[in-house]
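Engineer: Return atomic coordinates for the entry below.
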Amino acid sequence: MLADDRWQYAAEVESVKALGKLVCDVGGHSILLCNTHNGVKAVENLCTHLRKPLDNGRLVGGQVICPFHGACFDLQTGKALSGPAVFPLQTYPVHIDSGRIYVSVPETQTARACSF
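Structural biologist: Model (predicted):
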């Protein structure tokens, strides 16, 4: 268990398949967990173009592609890499401890169940 209150439980590592993704509601935020070659990344689950969910998008080499209009975002930085989105995604720090994924979100609220 983490001593720092800013870290909130998001999911078990095994629930995010290799090179896959999982949506969790953590502290009132819809978070998209993405298991990449560089570890698990956490980003806001809404495209900054029209605020559509990203969870049905494709993961390609550390990037997520919006399933609605093809905007592409870097999962490490949140940067919009291609239009029509121009604003970056909100990214969240991730910590893994004893097979559990914890995410640091701006507000402290109780974590809720993940949707598969």
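Engineer: Only the buried residues of stretch 36-45, if you could.
Structural biologist: Buried positions in stretch 36-45, judged by neighbour count with 16 or more other CB atoms under 10 Å: Thr36, Val40, Lys41, Ala42, Val43, Glu44, Asn45. Every residue, glycine included, has its C-beta placed from N, CA and C.
Engineer: Next, please give the residue ranges for the helices of this protein.
Structural biologist: Using DSSP state H, no helices are found in the chain.
Engineer: Pass me the low-pLDDT residue ranges in it, would you?
Structural biologist: Applying pLDDT under 70 to the chain flags residues 1-5, 107-116.
Engineer: let's see it at 90
Structural biologist: For the chain, the stretches with pLDDT under 90 are 1-6, 17-19, 27, 61, 106-116.
Engineer: which one of the buried residues of stretch 36-45 sits closest to Ser15?
Structural biologist: Val40 (10.8 Å; CB to CB).
Engineer: Asp55 versus the nearest residue to that closest one once chain neighbours are set aside, what's the distance?
Structural biologist: The shortest distance from Val40 to any non-neighbouring residue, by CB to CB, 6 or more residues apart in numbering, is to Val94 (5.2 Å). Distance, Val94 to Asp55, using CB to CB, to the nearest Å: 17 Å.
Engineer: Likewise for Ser98?
Structural biologist: From Ser98 to Asp55 the distance is 26 Å (CB to CB).
Engineer: Between the two, point out the one with more neighbours.
Structural biologist: A direct count of neighbours by other CB atoms under 10 Å for Ser98 and Asp55 places Asp55 higher, at 16 against 8.
Engineer: Not counting its neighbours along the chain, what's nearest that one?
Structural biologist: Val23 (4.7 Å).
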